[in-house]
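What follows is a predicted protein model with its sequence.
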Amino acid sequence: FIKLLADLDYKKDFQIIIDCELKRLNYILNLIAAQKRNLKNYHYILANLGFLDLNVTEFQKLGPNVTGFQLVNRSDPAVQKINQNWLDFDNKDLKVARRRLKYTGALTYDGVSVMATAFQNLRRQRIDISRRGNAGECLANPPAPWGQGIDIQRALQQVRLEGLTGHVQFDERGHRTNYTLTVMELSHIGPRKIGFWNEKRGYVNTAIYRPMQEEFYNVQNKTYIVTTILEAPYMMLKKNHEQFLGNDKYEGYCAELAAEIAKHVGFTYRLELVGDGKYGARDPETKMWNGMVGELVYGKADMAVAPLTITLVREQVIDFTKPFMSLGISIMIKKPTKSKPGVFSFLDPLAYEIWMCIVFAYIGVSVVLFLVSRFSPYEWNGEESDDEDETAPSSSRRAQASSSAEHTHSPGFSQAQGQNQNQQKEKETPEYTNDFGIFNSLWFSLGAFMQQGCDISPRSLSGRIVGGVWWFFTLIIISSYTANLAAFLTVERMVSPIESAEDLAKQTEIAYGTLDGGSTKEFFRRSKIAVFEKMWSYMRSADPSVFVK
């Protein structure tokens, strides 16, 4: 039975039917009372016909909900008379403690009365039921029926009498009919009648419930255990709580609420902090409740006064009063810090990708301009050196004079004259240059991008087209950049990376969790919404644990 009672805590079945004999039933009830478990919110239905024969003194003090049935009406004068004779007989002839007649004894008494009445009726009808020496064979095969048995059966079915168990009557199948069962309930003052049942009318409720204030039994003599939890501003310890005893150590809204309830109803109570410091949640594996809810479920406390969230799962095992505050689930993060402009904050108006595109565009335009200038003849310049033009005649005359002199004295005059003429032709050929080398092209593109201009400009049509496109591009970029630069440099932005539950679920850098054993944790565990399921998966697998104790 101990294992069976322990398994009840793992299940949601709070209606328990117990069907066994009186002795074993008393043992089970005393076992439940000794363990002080399986009491609150449980309803025990005793499938037994002797509710008043049970010893429920210890069970009654714990206030469980118990319903049973009573077959013997002890308020009937005939029953009281026979019961008194029973007690007198026990006291006179047997040296044992006096015990009241139980319902099993009453059934035996009525059974004997039915047999006696049936045989009396047979005698009056002069029906011979004796065997007269014709004893049947017990091992006969097939068995031979007793000839007078049908007469005895008929006589038993015809019996009508008022016995200790009420009206005694049988139908054609031999089942008892037209009887009444009293429905009993275990209250704080003991067993009491709440109705009756019979075949014709079914269950009839006759209980008259008293006002609720009278239902508090022994409120003057009992001290109620009120479980609570430290949570400012609802329940707090006073600064000098070491100097106080009992309930005076606490302050806060819930402490004052408990005091007002006790004052209004008229009972004494004792505040006790919950042992594990949790509000109450059910373990998905063991199905056991912890926290304040667990203390209420397992009978360790009579009530709880705390900021306890009302949830569907908790309402299945405990009862809530009307809420004194309505709250929702919110995300609480550290207050964002103010971000001041940094050294490279001038890059903020444009994205990183845009800056990279600008750099590649700058290099690309410079290379294109360099190539276009190389292939276009309008970008090439042909020039002759002024020094060479001035010195060429005098040199020529000196060369001619010396040649004449040498001609008169040397036979190689004609060869030297030919070499001088070739050198003179080479000096007279012009040198072509191009201003748009690779470095000048980069310089021109940079000057255009900075809107500062440059000392060189393209003269060819293709070069001017490339430069014009680049100027238009820089006009758009610079205008957009200038429009956003002031705001990015002067406004101190609030850095807040988390704006919603979706933002929180998408990242893993910021750890997040809930109170361990609270309703918020249970909400995420039971939620079927994709975002909340993802958040619960992260919280459950996080190492170290993100649940706050």
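Cool, got the structure.

Now do the contacts for the nearest residue to residue 449 once chain neighbours are set aside.
Sequence neighbours aside, residue 474 is the residue nearest to residue 449 in space, at 4.8 Å (criterion: Cβ to Cβ, 6 or more residues apart in numbering). All C-beta spots, glycine's among them, are computed from the backbone N, C-alpha and C. Neighbouring residues of residue 474 by Cβ atoms under 8 Å, 6 or more residues apart in numbering: 448, 449, 451.

Can you say which of these are buried?
448, 449 (16 or more other Cβ atoms under 10 Å).

Lowest-confidence entry in the contacts of residue 474?
The lowest pLDDT within the contacts of residue 474 belongs to residue 451, with 79.

and that one, which of the three is it?
Classification of residue 451 by DSSP: H, G, I helix; E, B strand; the rest coil places it in coil.

Which positions in stretch 469-488 come out as buried?
Quick answer for stretch 469-488 (16+ other Cβ under 10 Å): 470, 473, 474, 477, 481, 485, 488.

what ranges do the strands span in the stretch 151-300 of the chain?
161-163, 166-168, 180-187, 190-198, 202-205, 223-228, 236-237, 250-251, 268-273 (DSSP state E, counting those that start in this stretch).

Quick one: closest of those strands to residue 345.
Comparing the strands of the stretch 151-300 of the chain by their distance to residue 345 (Cβ to Cβ), the top pick is strand 236-237, with 46.5 Å.

What separation do you get for residue 487 and residue 61?
Noted for residue 487: a distance of 75 Å to residue 61, by Cβ to Cβ, to the nearest Å.

Pairing partners for residue 17 in the sheet, please.
Beta-bridge partners for residue 17, by DSSP bridges, are residue 45.

Tell me the one among the buried residues of stretch 469-488 nearest to residue 181.
For these, the nearest to residue 181 is residue 488 (87.0 Å; Cβ to Cβ).

my guess is the closest one meets residue 345, correct?
Yes: if you go by Cβ atoms under 8 Å, residue 488 and residue 345 touch, sitting 6.4 Å apart.

Residue 379: what's it in contact with?
Residue 379 touches 373, 434, 435, 436, 458, 459, 460, 463, counting by Cβ under 8 Å, 6+ apart.

Which stretches in the stretch 401-549 of the chain count as helices?
All helices of the stretch 401-549 of the chain, identified by DSSP state H, counting those that start in this stretch, fall at 413-428, 438-449, 461-490, 501-506, 519-526, 530-541.

Let me have the ones you listed in JSON lines, extended by distance to residue 187.
JSON lines is the format used below for the helices of the stretch 401-549 of the chain (distance: least, Cβ to Cβ, whole Å):
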{"stretch": "helix 413-428", "distance to residue 187": "134"}
{"stretch": "helix 438-449", "distance to residue 187": "95"}
{"stretch": "helix 461-490", "distance to residue 187": "76"}
{"stretch": "helix 501-506", "distance to residue 187": "50"}
{"stretch": "helix 519-526", "distance to residue 187": "34"}
{"stretch": "helix 530-541", "distance to residue 187": "45"}
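
Compute the distance between residue 280 and residue 335, please.
31 Å.

between these two, who's got more neighbours?
residue 280 (30 against 6; other Cβ atoms under 10 Å).

can you list the domains in the chain?
If you go by automatic domain parsing, the domain ranges for the chain are 2-71+180-209, 77-128+146-168, 216-315.

does residue 171 really touch residue 177, like I thought?
Yes: if you go by Cβ under 8 Å, residue 171 and residue 177 touch, sitting 4.9 Å apart.

Which one's more surrounded, the two?
residue 177 (13 against 10).

Confirm for me that that one is in contact with residue 168.
No: counting by Cβ under 8 Å, residue 177 stays clear of residue 168, with 9.6 Å between them.

Now do the contacts for residue 156.
114, 115, 118, 170, 174.

how much space is there between the residue nearest to the second one when sequence neighbours are not counted and residue 242?
To tie it back to what came earlier, the one meant is residue 115. Distances taken as Cβ to Cβ, 6+ apart put residue 156 closest to residue 115, at 7.6 Å, once the chain neighbours are dropped. According to Cβ to Cβ, residue 156 stands 80 Å off from residue 242.

Confidence-wise, which helix or strand of this protein is lowest on average?
Least confident helix or strand of the chain, by mean pLDDT, DSSP states H and E, is helix 386-409 with a mean of 41.

Now the host helix or strand of residue 33: buried residues?
Using DSSP states H and E, residue 33 sits in helix 22-35. In terms of neighbour count (16+ other Cβ under 10 Å), helix 22-35 has its buried residues at 22, 25, 26, 28, 29, 32, 33.

How about the contacts made by residue 523?
For residue 523, the contact set (Cβ under 8 Å, 6+ apart) comprises 311, 329, 532.

If we use 7 Å, what do you get?
residue 329 (Cβ atoms under 7 Å, 6 or more residues apart in numbering).

quick one: it from residue 167, how far?
Distance of residue 523 to residue 167, given as Cβ to Cβ: 58 Å.
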